[in-house]
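S.K.: What follows is a predicted protein model with its sequence.
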Amino acid sequence: MTTRSDRAALIEALHHRLGEIEKRREPADRERDAKVGQLLAAARKAVQSFEDEFRSTWDLRKAARRELARHTRDDNIRFDGFARVSHVTDATDWRVEYPFVVSAARQRRRDSGLVRGVLHSASRSFRAVAVLATPAARSR
């Protein structure tokens, strides 16, 4: 989800569905109603956790983009699933790490600055694993 409005719409739809389940509860059947109540509480907690994860990922991406943009063009900083999956299968052992961002330097001599930027971003979160794409890898 790339836009705030798309994320908000998804979260709202999830809350709406839970509200619809709430409307159909049958208080007359106390045992069943108690179970439904437990499930709804767990589902609401899961939706909140899901929403919080979106927010923290957005913040982390913003910080990583700000750091990496000092060393490469914005279009060389990739968070999309295709770039990340391509480098999981090509450059990493996917059972160990799944890249958070794929980035490439504008020029070879700028690789060291980009590496420092990646390490600085990674120090903020254990999830901020990055892959540095070589010019040959980017052209595939």
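M.R.: Sure thing, it's come through. Numbers count the residues shown, from 1 in each chain.
S.K.: only C-alpha atoms for contact and neighbour calcs from this point on.
M.R.: Will do.
S.K.: what about the protein, any weak spots by pLDDT?
M.R.: For the chain, the stretches with pLDDT under 70 are 1, 84-85, 87-99, 104-140.
S.K.: ranges for the helices of it?
M.R.: Using DSSP state H, the helices of the chain run over 4-23, 30-68, 81-91, 111-122, 135-138.
S.K.: how close does the closest residue to F54 other than its chain neighbours sit to E22?
M.R.: Spatial nearest neighbour of F54, chain neighbours left out: R7 (7.9 Å); criterion: Cα to Cα, 6 or more residues apart in numbering. Counting by Cα to Cα, to the nearest Å, the separation of R7 from E22 is 23 Å.
S.K.: and if you look at R32?
M.R.: On the measure of Cα to Cα, R32 and E22 end up 13 Å apart.
S.K.: now H15
M.R.: Noted for H15: a distance of 10 Å to E22, by Cα to Cα.
S.K.: With D29 instead?
M.R.: Taking Cα to Cα, one finds D29 at 14 Å from E22.
S.K.: what about those two, which has more around it?
M.R.: Between D29 and E22, counted using other Cα atoms under 10 Å, the more crowded position is E22 (14 against 9).
S.K.: give the contact list for the more buried one.
M.R.: Going by Cα atoms under 8 Å, 6 or more residues apart in numbering, E22 touches L40.
S.K.: Likewise for the one 3 residues further on?
M.R.: Shown in contact with R25 (Cα under 8 Å, 6+ apart): D33, V36.
S.K.: hmm, 7 Å instead?
M.R.: For R25, the contacting residues are D33, by Cα atoms under 7 Å, 6 or more residues apart in numbering.
S.K.: let's have the chain start at 33 instead
M.R.: Okay, using 33 as the starting number, the last item reads as R57.
S.K.: Outline the domain layout of the protein.
M.R.: Following automatic domain parsing, the chain resolves into domains at 36-99, 104-170.
S.K.: Can you give me the end-to-end span of the shortest one?
M.R.: What that stands for is domain 36-99. OK, domain 36-99 end separation, Cα to Cα: 22 Å.
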